[in-house]
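Enquirer: Sequence first, predicted model second:
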Amino acid sequence: MLPKSSKRVGDVIKLANTIAREYEREYVGTEHVLLAIAKEGHGLGAEVLSRKGITISRLREEIEKLIKKQMEETWVFGRLPGTPHFKNVMATAVEQCQELGSTEVCTEHLLLALLLEKGSVAHKALKAFGLTPDDIRRELAAMKSTE
């Protein structure tokens, strides 16, 4: 049986839609999900980012730089409401939830999935900050040990 998503993940996805509209995009991409995790600010995903010194403003700056570069490198005009990377991230978040023995998909699973989605804007942004999946798993283990 697949785990359900937490209310916070639902809130993050809604916020990602809002952020995509702020960027005047007709799709939700990984960059919007990453910004939403940071902006929502209360889940373990946001806490991992904070503990690594990754603020919403630093993320926004890095993502805008990556998007500008991506737009210079592509001639693609049409996009779908959820990019293929976005869809992969959602599926990977479920896998990460199961691997970590959680009962529901939470922001930390989204954050791991974003980092594992190679080639996506969120992956590139997180890599620019030197973050790895092992870093996230260590941070999560440290947070759980202090509970």
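Expert: Cool, the structure landed. Residues are numbered from 1 along each chain as shown.

Enquirer: distance between the lengthiest helix in the chain and the chain's centre?
Expert: Among the elements of the chain assigned as helix by DSSP state H, the one spanning the most residues is helix 56-73. Taking C-alpha atoms, centre = their mean, to the nearest Å, one finds helix 56-73 lying 14 Å from the centre of the chain it belongs to.

Enquirer: do the same with stretch 121-128
Expert: 9 Å.

Enquirer: And stretch 100-112, by the same measure?
Expert: Distance, centroid of stretch 100-112 to centroid of chain: 11 Å (C-alpha atoms, centre = their mean).

Enquirer: Do me a favour and get the end-to-end distance for that stretch?
Expert: Its first and final residues considered, stretch 100-112 spans 11 Å by C-alpha to C-alpha, to the nearest Å.

Enquirer: in that stretch, what counts as buried?
Expert: The neighbour-count check on stretch 100-112 (16 or more other C-beta atoms under 10 Å) flags V105, C106, T107, E108, H109, L110, L111, L112 as buried. C-beta coordinates here come from the backbone N, C-alpha and C atoms, glycine included.

Enquirer: ok so, going back, for the record, mean pLDDT for whatever helix or strand comes next after the longest helix of the chain?
Expert: Tracing the chain past helix 56-73, the next element assigned as helix or strand by DSSP states H and E is helix 84-99. Mean pLDDT, taken over the full extent of helix 84-99, equals 86.

Enquirer: C-alpha coordinates for helix 84-99, PDB please?
Expert: The C-alpha coordinates for helix 84-99 follow below in PDB (Å, rounded to 0.1, in the frame of the first residue of the first chain):
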ATOM      1  CA  PRO A  84       8.300  15.400 -16.400                       C
ATOM      2  CA  HIS A  85      10.900  16.200 -13.600                       C
ATOM      3  CA  PHE A  86       8.000  17.300 -11.300                       C
ATOM      4  CA  LYS A  87       6.200  14.000 -11.900                       C
ATOM      5  CA  ASN A  88       9.400  12.000 -11.300                       C
ATOM      6  CA  VAL A  89       9.900  13.900  -8.100                       C
ATOM      7  CA  MET A  90       6.500  13.000  -6.800                       C
ATOM      8  CA  ALA A  91       7.100   9.300  -7.500                       C
ATOM      9  CA  THR A  92      10.600   9.400  -6.000                       C
ATOM     10  CA  ALA A  93       9.200  11.100  -2.900                       C
ATOM     11  CA  VAL A  94       6.900   8.100  -2.300                       C
ATOM     12  CA  GLU A  95       9.900   5.700  -2.700                       C
ATOM     13  CA  GLN A  96      12.000   7.800  -0.300                       C
ATOM     14  CA  CYS A  97       9.100   7.700   2.200                       C
ATOM     15  CA  GLN A  98       9.000   3.900   2.000                       C
ATOM     16  CA  GLU A  99      12.700   3.500   2.200                       C
END
